[in-house]
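Q: Whatever this is, show me its structure:
(chains A and B)
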Amino acid sequence: MTSKTDLKRFLGPALLGAFVVGALYLVTVVHAVGEPLLAVTILVIAALAAWLYTSRRTYAYRYLYPAIGAALIFVVFPMVYTMAIGFTNYGSRNLLDFPRATQYLLDQTYAGDASTYQFQVFPDGGRYRARLEDQEKGDAFVSAPFDMPGEAPVEARMAPQAEAGFTPGDPLDLADVIAHEDNLKKLTLVLPAGTRLGMTGLSEYAAMKPLYRKNPDGTLVNNQDGTVLKANFRTGFYETGAGDQVQPGFQAHIGWKNYARIFTDEKFSGPFLKIFVWTVLFAGLSVFLTCSLGMVLAVLLNWEALRFRSVYRLLLFLPYAVPGFISILVWKGLFNSNTGEINLILNGLFGIKPGWFSDPTLAKIMILIVNTWLGFPYMMVVSMGLIKAIPTDLYEASAVAGAGPLTNFFKITLPLIRRPLTPLLISSFAFNFNNFVLIFLLTGGRPDFTDITVPAGTTDILISYVYRLAFQDSGQQFGLGAAISTVIFLLVAVLTVIQIRFTKITEDEKR
Amino acid sequence: MAIVVNKSQRWRVWAAHLFLLCLCAAVIFPFLMVISISLRPGNYATGRIIPTTISLEHWRFALGLPVPGPDGVPVKPDLPVLQWLWNSIKVALVSACVGLFLSTTAAYAFARLKFAGKKAALMGLMLMQMFPTILTLVAIHSIFTRIGNAFPVFGMDSLWSLVLAYSGGIALHIWTIKGFYETIPAEIEEAATVDGATPWQAFWRVLLPMALPILMVVFLLAFIGAIIEYPVASILLHSQKNLTLAVGANSFLYPQKYMWGDFAAAAILSGLPITLVFMLAQKGLIAGLTSGGTKG
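A: This is a model prediction of the structure:
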């Protein structure tokens, strides 16, 4: 018994010690890789864990810590981070952070030496060997076998040919070298003396010198032509005295510039406004259509004179049960102008073939049709539940008074379910406001506006516009995308406040 | 209901049936079409809705079996549908397990324990649910690039990073499970505590087994949520063998390469099991929430 309690007494501190040591090791490693932000995050997480799981006063938080931690890191932190990115020029032209961009420039080399070497590549059993020959002196060197560089640069050490014990067979011919040119450019050959050689021509390697050297004040000097580069933290580029920007750019804080672009730059404000209007229209109409159809069906399916109600209910629920990414793509195929089955039928019946994907108005109508199809079952089920809660004697009384079904609906059903339904309608509006998957999979935002240069389409809603700015087409404009995301945040926040006013927050879990 | 039946009742019933039948036809139409398309040869409409010749080429494609190429030589399908389905299932299983693990203990604290900041935390969780993940795509992209610099396993184009990204979306699960815990009388655990159980034992041995039904429902919901998630998966995954089904399915219908028939077969193949799971969870969810939601 004593040995068991002894073990228990020591097990706790031992585990804690191991945890702390492990965490500190991890932090050091991550910091060394060059991710200080991540290192600090891990440090805070680990310190918090060590405290919560040892202190007696924090007992309840032991149960909460993993969940709240995960939610903070993967939900709240990205939100805050998105807002922060909105103030930067982060994008494909300014992808690296400042130290990395500087390092990239410092890693650049140029062929400084006049002495060049004749270069050949030999296949060597699936791998390759390089051979260099100094044609003036007649020295020849052969590398150890290496794999053709892919994404990452490769370095190969050279040895004098006599020592390498390699008898060259047939070298790669010029066509093969050209095919591998991009890869070979990443191959650095190191001579026994330590001279580093890089590719300068298809059959030439030459000694490489660093292109830039760093001054104590942080400016970079071009060793080749002597120009001085100075980092400009407003534009996020190293610039020459004349103001020429040198790639790659780095991330810099640019203040409200992104927001100014959204709202004042003609290039962005024009489509932004149009897209905003369509987003509101799309979300509003979607809610209206799904809700009215769902409610009519709920009333019908609660009507006891009707037979086969459970069969109808099951069939009509189907669109909600099929995963959206499948049913949306099914509709995309069915609506296809040339090969789709809908136009096949329309053509057979009326001889028309509407261009569902090329005409902006038709595309919008198609989106609304598909979204109504997708969304009405939810509204139907919700309304059915709410209608069930209405006392039946109300209808009996109205029947005695001689009221018809329409009167019943507008005077009894609708007023009674309106209040509990409103918060659901607002959250449905918020959902459709950001219904990225529907728009992206169905039309991809197309057809595009023809009169502007930014990638934006007539059926794009705000969030799909952000996606296209950030992840598609040419320039990945993360900063601008994040700024628009932040604007959408605010809109959703307003909707949320409205919804909270309509419903007590605790009732929401019944959804 | 004892409503007096008047003359118009009869035709109103017929009208209602007609309306419902039309609507059911509109609901069923896409499903029947997809079955028909998956069975007819070629990728283009043939001018008939019902195929005259039945061909299994698309099904062979979806199942990853060699299909006859344009020159008659069998070629292996270039889109690994089954691999995508398997990826989706892997990610969904692991992230649902992680999500369930995270939310059961948290829900216990919210339902039974007293601590500072409880109300604010519950409110915060609810608010989190209102803001869709998709708004933070840019940040998620950047975060996982950075994590990947330090730990390549959790970087870009890794299924593990997808699991990690999904494990934060647990706010609604916590609320659901909390509601169910609250329907279980606290006296049962108190009795266990009187008998000498620690709070952890009371939770683990007494409360959790009783909450199994809701845990199943939450697990299924988390599973489905991960299977059908598109945006995050589409920015985190690149290489074809790593895609999830939701992202991969989109590559059938590019204008340049329009594989309508192959898509149809793949959609049925992968959509059917997911749909069954979905219907199962819906049924359980309604039952679980009506029993769990009473106390709020």
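Q: By mean pLDDT, point me to the weakest helix or strand of chain B.
A: Across the helices and strands of chain B, mean pLDDT, DSSP states H and E gives its lowest value to strand B:67-68, namely a mean of 71.
Q: can you list the residues that contact that one?
A: B:57, B:60-61, B:74-75, B:77 (Cβ atoms under 8 Å, 6 or more residues apart in numbering or on different chains). Where C-beta positions appear, they are placed from N, C-alpha and C, glycine not excepted.
Q: Top of those by number of neighbours, please.
A: B:Phe61 (25 neighbours; other Cβ atoms under 10 Å in any protein chain shown).
Q: Now intersect the contacts of strand B:67-68 with the helices, please.
A: Those of the contacts of strand B:67-68 mapping onto helices are B:57, B:60-61, per DSSP state H.
Q: any idea which of those is the one closest to chain A?
A: Of all the ones in helices among the contacts of strand B:67-68, chain A sits closest to B:Phe61, with 15.4 Å by Cβ to the nearest Cβ.
Q: Report the separation between that closest one and B:His238.
A: Separation of B:Phe61 from B:His238 (Cβ to Cβ, to the nearest Å) stands at 23 Å.
Q: looking at it, A:Ser427 is touching A:Ile500, isn't it?
A: No - judged on Cβ atoms under 8 Å, A:Ser427 makes no contact with A:Ile500 at a distance of 10.9 Å.
Q: A:Ala159 should be in a strand, yeah?
A: Yes - A:Ala159 forms part of a strand when assessed by DSSP: H, G, I helix; E, B strand; the rest coil.
Q: quick one: low-confidence ranges for the chain?
A: Since you didn't name a chain, this refers to chain A. Filtered on pLDDT under 70, chain A yields the residue ranges A:1-6, A:8, A:112-115, A:164, A:168, A:473-475, A:503-511.
Q: please go with chain B instead
A: Residues of chain B that meet the cut-off, pLDDT under 70, sit at B:1-7, B:43-49, B:69-72, B:282-296.
Q: Excluding chain neighbours, what is closest to the residue sitting nearest the centre point of it?
A: The C-alpha lying nearest the average C-alpha coordinate of chain B belongs to B:Ile224 (Cα atoms, centre = their mean; 1.7 Å). Closest residue to B:Ile224 apart from its sequence neighbours, by Cβ to Cβ, 6 or more residues apart in numbering or on different chains: B:Phe278 at 5.5 Å.
Q: Would you enumerate the residues in contact with the one you found?
A: Applying Cβ under 8 Å, 6+ apart, the residues contacting B:Phe278 are A:321-323, B:224.
Q: among those residues, which two are most distant?
A: Spatial extent of the contacts of B:Phe278 (Cβ to Cβ) is set by the pair A:Val322 and B:Ile224 at 11.4 Å.
Q: Tell me where chain B has helices.
A: B:8-39, B:57-62, B:81-112, B:118-130, B:137-150, B:159-166, B:171-183, B:186-194, B:199-201, B:208-210, B:212-228, B:231-236, B:245-249, B:260-292.
Q: Give me whichever of those helices is most buried.
A: The highest mean neighbour count among those, using mean count of other Cβ atoms under 10 Å in any protein chain shown, belongs to helix B:245-249: a mean of 26.
Q: Tell me the helices and strands packed up against that one.
A: helix A:324-334, helix B:81-112, helix B:212-228, helix B:231-236, helix B:260-292 (3 or more Cβ pairs under 8 Å, 6 or more residues apart in numbering or on different chains; DSSP states H and E).
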